[in-house]
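In: Everything below, folded, please.
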Amino acid sequence: MEKKAIFAGSFDPFTAGHEHIVRRALCLFDRIIIGVGYNIKKKGFLTTENRVRLIRDVFRGEPRVSAEAYEGLTADFCRRRGVKILLRGLRSVDDFESDRTIDAVNKRLDPEIETFYLFTDPHLGAISSAVVKELYVHGADTARFLPRGIDLKEYL
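Out: Predicted coordinates for the structure are as follows:
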């Protein structure tokens, strides 16, 4: 049986930290679906279509990773894709507290969903989509915070 996981988030933009979590998880899962969701709390920087395109560009040549947009609840997206494992990356205690709440809600919506956490490597722990956006808006070089070869100008 194929072991599949969904790595869900807004990924606005997808960072080097996100990429590192997915690449590390490939030794644990046969297939990873990166679900680009719409978050009502966050104002969009990149369009959903461009976030999906960026992720597909990062994983071009890796057939076990796919990216697709979804609307609605992550638990419903998991159910539609027949996936019972959510993959999450943890940078800090703050991430853990937030994700623990999300996990509890997902369990109430679908008791079969399990959340699998990977700790972010320390050298990537300060990277977040919010930091990348802030740096970009102020004209700073974002290359070391993004997957290799990604230029945000191509996705804006």
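In: hey, C-alpha coordinates of the helix or strand of the chain with the lowest mean pLDDT in PDB?
Out: Using mean pLDDT, DSSP states H and E, helix 93-109 stands out as the lowest-scoring helix or strand of the chain, at a mean of 93. Taking Å, rounded to 0.1, in the frame of the first residue of the first chain, the C-alpha atoms of helix 93-109 are listed here in PDB:
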ATOM      1  CA  VAL A  93       7.200  26.200  20.400                       C
ATOM      2  CA  ASP A  94       4.900  28.800  18.900                       C
ATOM      3  CA  ASP A  95       4.400  26.600  15.800                       C
ATOM      4  CA  PHE A  96       3.800  23.600  18.100                       C
ATOM      5  CA  GLU A  97       1.100  25.400  20.000                       C
ATOM      6  CA  SER A  98      -0.700  26.600  16.900                       C
ATOM      7  CA  ASP A  99      -0.400  23.200  15.200                       C
ATOM      8  CA  ARG A 100      -1.600  21.300  18.200                       C
ATOM      9  CA  THR A 101      -4.800  23.300  18.100                       C
ATOM     10  CA  ILE A 102      -5.200  22.600  14.300                       C
ATOM     11  CA  ASP A 103      -4.500  18.900  14.900                       C
ATOM     12  CA  ALA A 104      -7.200  18.700  17.600                       C
ATOM     13  CA  VAL A 105      -9.800  20.300  15.200                       C
ATOM     14  CA  ASN A 106      -8.700  17.900  12.400                       C
ATOM     15  CA  LYS A 107      -9.100  14.900  14.700                       C
ATOM     16  CA  ARG A 108     -12.700  16.100  15.600                       C
ATOM     17  CA  LEU A 109     -13.500  16.400  11.900                       C
END
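In: how about stretch 119-126: buried residues?
Out: Neighbour counts over stretch 119-126 (16 or more other C-beta atoms under 10 Å) mark 120, 124 as buried. From N, CA and C alone the C-beta is placed, and that goes for glycine too.
In: Just the element for C27, please.
Out: Using DSSP states H and E, C27 sits in no helix or strand.
In: Helices of the chain, residue ranges please.
Out: Secondary structure of the chain, counting by DSSP state H: helices at 16-25, 48-58, 74-81, 93-109, 129-137.
In: Could you count how many residues lie near the residue nearest to V105 when sequence neighbours are not counted?
Out: Spatially, and ignoring its direct neighbours in sequence, V105 is nearest to A75 (7.9 Å; C-beta to C-beta, 6 or more residues apart in numbering). By other C-beta atoms under 10 Å, 19 other residues sit near A75.
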